[in-house]
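In: Curious how this folds, go ahead:
(2 chains)
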Amino acid sequence: RKEVEQDPGPFNVPEGATVAFNCTYSNSASQSFFWYRQDCRKEPKLLMSVYSSGNEDGRFTAQLNRASQYISLLIRDSKLSDSATYLCVVIANAGNNRKLIWGLGTSLAVNP
Amino acid sequence: EPEVTQTPSHQVTQMGQEVILRCVPISNHLYFYWYRQILGQKVEFLVSFYNNEISEKSEIFDDQFSVERPDGSNFTLKIRSTKLEDSAMYFCASSPRGSGYTFGSGTRLTVV
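Out: Numbers count the residues shown, from 1 in each chain, chains lettered A, B, ... in the order given. Next up, the predicted model:
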């Protein structure tokens, strides 16, 4: 099983749609979880952290299910500007080090 | 907002040549990282650096790679003898505490 796995998509949705992405991770000891957004040929940018209790930021909601080892991202009322690749990132402790483990990303295209 | 600065934005080099990719992390950050992303593939961890030494490196980070913090501000990645497969986007990141990463805009390395 891959360390972090995402459906690569692409997800093609109309403006205003609600879209959800899932991400599974293999290391049950993983401690921190994030969603990053990456525009074509640009650097990844932090979208939001994912907390055990779930968290919401405007149109974006992230949830964590530790028992099933997956995290999700829900985007409501999608905008054209939401078109990007969404990267699931998991932090695993390795001794005193913490490193980011990246998913391949899920591509979203929001169409007018 | 503080940012991580990377130069150059694009570097073209001949196979077998040495390249140095430069990064200026955020000034009060203590942890520094290099990641790379081959076109169409996921972001991959290369190396983390803390307290003036490498704290962790991946299997990608072999003897042809080295990192340095030559002064109080720069953090460099050197690739000694570039191969075609080293062509990728190289992202530098810094963090104040080992989490809360800020990425630079990347250096696109093209080996010909």
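In: Just give me the residue right at the centre of chain B.
Out: Nearest residue to the geometric centre of chain B (Cα atoms, centre = their mean): residue B:34, 3.5 Å.
In: show me the contacts for that residue.
Out: B:21, B:23, B:46, B:47, B:67, B:77, B:90, B:91, B:92, B:93 (Cβ atoms under 8 Å, 6 or more residues apart in numbering or on different chains). Glycine gets a C-beta too; all of them are placed from N, C-alpha and C.
In: Then residue A:34?
Out: Neighbour list for residue A:34: A:46, A:47, A:48, A:49, A:50, A:88, A:89, A:90, A:91, A:100 [criterion: Cβ under 8 Å, 6+ apart].
In: any weak-confidence spans in chain B?
Out: B:98-99 (pLDDT under 70).
In: how about the strands in it?
Out: B:5-7, B:10-13, B:19-24, B:31-37, B:43-50, B:53-57, B:65-68, B:75-79, B:88-95, B:102-103, B:107-111 (DSSP state E).
In: now those strands as a markdown table including distance to residue A:61?
Out: A markdown table is the format used below for the strands of chain B (distance: least, Cβ to Cβ, whole Å):
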| stretch | distance to residue A:61 |
| --- | --- |
| strand B:5-7 | 32 |
| strand B:10-13 | 37 |
| strand B:19-24 | 34 |
| strand B:31-37 | 27 |
| strand B:43-50 | 24 |
| strand B:53-57 | 33 |
| strand B:65-68 | 38 |
| strand B:75-79 | 36 |
| strand B:88-95 | 25 |
| strand B:102-103 | 24 |
| strand B:107-111 | 34 |
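In: To residue A:23, which of the ones you listed lies closest?
Out: Using Cβ to Cβ as the measure, strand B:43-50 is the one of the strands of chain B that comes nearest residue A:23, at 13.9 Å.
In: Give me the packing partners of the closest one, helices and strands only.
Out: strand A:97-102, strand B:31-37, strand B:53-57, strand B:65-68, strand B:75-79 (3 or more Cβ pairs under 8 Å, 6 or more residues apart in numbering or on different chains; DSSP states H and E).
In: Among the ones you listed, which comes closest to residue A:11?
Out: strand A:97-102 (18.6 Å).
In: can you tell me the average pLDDT over that closest one?
Out: Regarding strand A:97-102, the rounded mean pLDDT is 74.
In: Partner strands of the helix or strand that it is followed by, with direction?
Out: Next helix or strand after strand A:97-102 toward the C-terminus (DSSP states H and E): strand A:106-111. According to DSSP bridges, strand A:106-111 forms sheet pairs with strand A:11-14 (parallel), strand A:84-94 (antiparallel).
In: looking at these, which is buried most?
Out: Ranked by mean neighbour count under mean count of other Cβ atoms under 10 Å in any protein chain shown, the strands paired with strand A:106-111 are led by strand A:84-94, which reaches a mean of 21.
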